[in-house]
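# Make a model of this:
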Amino acid sequence: MNTDKSKTLTASIKLLNEKLHFEGNVEGNTPISIDYTPPLGDNLGYTSLELFLLSLSSCAGSAILVLLRKMNKQIDQFEIASIGNRKENHPTGFSSITLHVNIKAKDLNKNEMEKVIEMIESICPVLSMLDKNISTTINFSIDE
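Okay, here's the model as predicted:
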């Protein structure tokens, strides 16, 4: 078994009921509940698209924080709110995604943050894998 998480990732899901409620597992982590909205599911967990938004947000957030820390920036608070606009026709994936980064840092300016935002696609694998037909916007606000 390959223990290098950077090369090979494995995950599993197990059906928990007669609808679409799954338990998702990745070795070494707490299981998560995944479900779908009624009537197909029972709303007992995250939907797949919600998990995707969380994955994208945490990947982008990690990239931003790594870059800012390399610049010796002191980050006091950090939050990303993500909004995914879904297509009307099936498959109803995202047509656009907006990430709103709210950061509190005393020594960070707008130009520095813009440079960081420009660089994150090259180090965030989730963002780099997005279909080019999905409009992705990352904006930010800096509080001192």
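# low pLDDT regions in this structure?
Across the chain, residues meeting the criterion (pLDDT under 70) sit at 1-6.
# Please repeat the previous calculation with a cut-off of 90.
Applying pLDDT under 90 to the chain flags the ranges 1-7, 28, 106, 121, 131-133, 144.
# how does it divide into domains?
Per the record, the chain has its domains at 1-46, 48-143, by automatic domain parsing.
# deepest of these, which one?
Compared across the domains of the chain, domain 48-143 shows the largest average neighbour count, a mean of 14 (mean count of other C-beta atoms under 10 Å). All C-beta atoms are positioned from the backbone trio N, CA, C, and that covers glycine.
# distance between the ends of it?
32 Å (C-alpha to C-alpha, to the nearest Å).
# any idea how far it is from the chain center?
What separates the centre of domain 48-143 from the centre of its chain is 8 Å, taken as C-alpha atoms, centre = their mean, to the nearest Å.
# got it, and stretch 36-44?
If you compare the mean C-alpha spot of stretch 36-44 with that of the full chain, they lie 22 Å apart, counting by C-alpha atoms, centre = their mean.
# List the contacts of the lengthiest helix in the chain.
Taking DSSP state H as the criterion, the chain has its longest helix at helix 48-70. Outside helix 48-70, the residues within contact range by C-beta atoms under 8 Å, 6 or more residues apart in numbering are 32, 34, 46, 75, 78, 80, 82, 84, 86, 93-94, 97, 99, 101, 103, 105, 108, 116-117, 119-120, 123-127, 130, 138.
# Residue 142 reaches residue 103, doesn't it?
Yes: taking contact to mean C-beta atoms under 8 Å, the distance of 5.5 Å between residue 142 and residue 103 places them in contact.
# Overlap in contacts, those two.
Contact with both residue 142 and residue 103 is made by residues residue 113, according to C-beta under 8 Å, 6+ apart.
# Could you verify that residue 112 is part of a helix?
Yes: remark: residue 112 belongs to a helix, assigned using DSSP: H, G, I helix; E, B strand; the rest coil.
# who's in contact with it?
Contacts here follow C-beta under 8 Å, 6+ apart; on that basis residue 112 touches 71, 73.
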